[in-house]
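Student: pasting a predicted model and its sequence here:
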Amino acid sequence: MPIKKKPKTIRYKTKRTLAGCPLVSIAFGPDEASGESTGMARGIIAIGDYALGFIAIGGISVGAISIGGVSLGGLAVGGVALGGLILGGASVGVIASGGAAVGHYARGGAVVGNYVASPSRRDPEAVELFNKIIPGSLAPAPK
């Protein structure tokens with residue numbers, strides 16, 4: 001029978017704070033001392049299993065800039081992303097880009113939105129916006 005390895009725990013917080021939050025918080029794995037079964041990072045820059053911060057990076061992340069498996073934020077990047085400007089496998093937001101995208105402006109394989117850029121439909125407004133965000137990323141809309 002294989003020997004089970006104990007999950008690695010990482011905890012780090014800077015002593016320096018801004019508005020009561022540590023500048024950097026890192027939390028991975030369980031922490032028996034605090035009773036956490038997974039790492040919850042909270043800080044200006046938060047990195048962990050769960051991350052909450054201005055810049056959040058984690059399995060589940062929430063922040064102005066959010067990167068994670070599931071991310072929520074103003075700029076969100078992830079497998080499932082929700083928020084303002086979104087890039088993800090499945091994305092929902094004001095401006096959404098992904099395999100499946102829902103947004104006011106949406107770009108991807110399967111999209112729903114007011115202005116879309118997809119294999120079956122190319123609205124000039126969507127093409128113009130996405131080309132401003134990533135120059136040359138979309139061919140012009142057919143006339």
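Tutor: Looks like it arrived, so ask away.
Student: distance between the longest strand seen in the chain and the chain's centre?
Tutor: Counting residues, the longest strand found in the chain (DSSP state E) is strand 55-117. Offset of strand 55-117 from its chain centre (C-alpha atoms, centre = their mean, to the nearest Å): 7 Å.
Student: other SSEs contacting it?
Tutor: With contacts taken as 3 or more C-beta pairs under 8 Å, 6 or more residues apart in numbering; DSSP states H and E, strand 55-117 sits against strand 45-52, helix 124-133. (Each C-beta comes from the backbone N, C-alpha and C, glycine too.)
Student: out of those, which gets nearest to Ala117?
Tutor: Comparison of the helices and strands packed on strand 55-117 against Ala117 by C-beta to C-beta identifies helix 124-133 as nearest, at 4.3 Å.
Student: now stretch 125-134, how far from the centre of its chain.
Tutor: For stretch 125-134, the distance to the chain centre is 20 Å (C-alpha atoms, centre = their mean).
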